[in-house]
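**Student:** 3D, please:
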Amino acid sequence: MTDAYSRKIVGYHLASDLKTIGCIKALKQALKDRKYPSRPLIHHSDRGTQYCCDDYVTLLKDSHIQISMTQTGSPYDNAIAERVNGILKMEFDLEKTFKNMAQAKTQVDLAAYKYNNIRLHASCNFQTPENTHLLENVNPKIKKVAIFAPIVT
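**Tutor:** All right, here's what the predicted structure looks like:
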């Protein structure tokens, strides 16, 4: 799970299958470590069955998180997630085959740490996702409102 503002990986779980429980564990990790728990969230995902199932949707709703899903399931509709996955695979060697789950978990943990704390991101003004996440200057009490007024000629 990636925060779209800071590009920080806020929740993840390595599993040997695509069952919902792995996604639920990643979501719970992200929720546990939230910096501003009262700030509204939107959860965006593809239409994978693990994100559409009752248990996952219930957790989102119980956590007061708005749900957003791609219309077609196209990877182009979830560019941030696809970009993060590509970086982890190509720059941090997660595309290779591991001997066992323990070795894979160690490498995933290390990759997530390096991605969040060492790798600079152009989209974060060449800061790390962790620094961007910590230095976020959005006031949670202020809501941006667009005001539309008619043009008088």
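**Student:** Output the residue ranges of the helices in the protein, listed in chain order.
**Tutor:** 20-32, 49-52, 54-62, 79-91, 101-117, 129-134 (DSSP state H).
**Student:** Highest mean neighbour count across these, which stretch is it?
**Tutor:** A comparison of the helices of the chain by mean neighbour count, using mean count of other C-beta atoms under 10 Å, puts helix 129-134 on top with a mean of 19. For the C-beta atoms, the positions are set from N, CA and C on the backbone; glycine is no exception.
**Student:** will you turn the helices of the chain into JSON lines that also has distance to residue 70?
**Tutor:** Supplementary listing: the helices of the chain in JSON lines, determined by distance: least, C-beta to C-beta, whole Å:
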{"stretch": "helix 20-32", "distance to residue 70": "16"}
{"stretch": "helix 49-52", "distance to residue 70": "10"}
{"stretch": "helix 54-62", "distance to residue 70": "15"}
{"stretch": "helix 79-91", "distance to residue 70": "10"}
{"stretch": "helix 101-117", "distance to residue 70": "23"}
{"stretch": "helix 129-134", "distance to residue 70": "23"}
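**Student:** quick one, which of these is nearest to residue 3?
**Tutor:** Nearest to residue 3 among these is helix 129-134; the distance by C-beta to C-beta comes to 6.3 Å.
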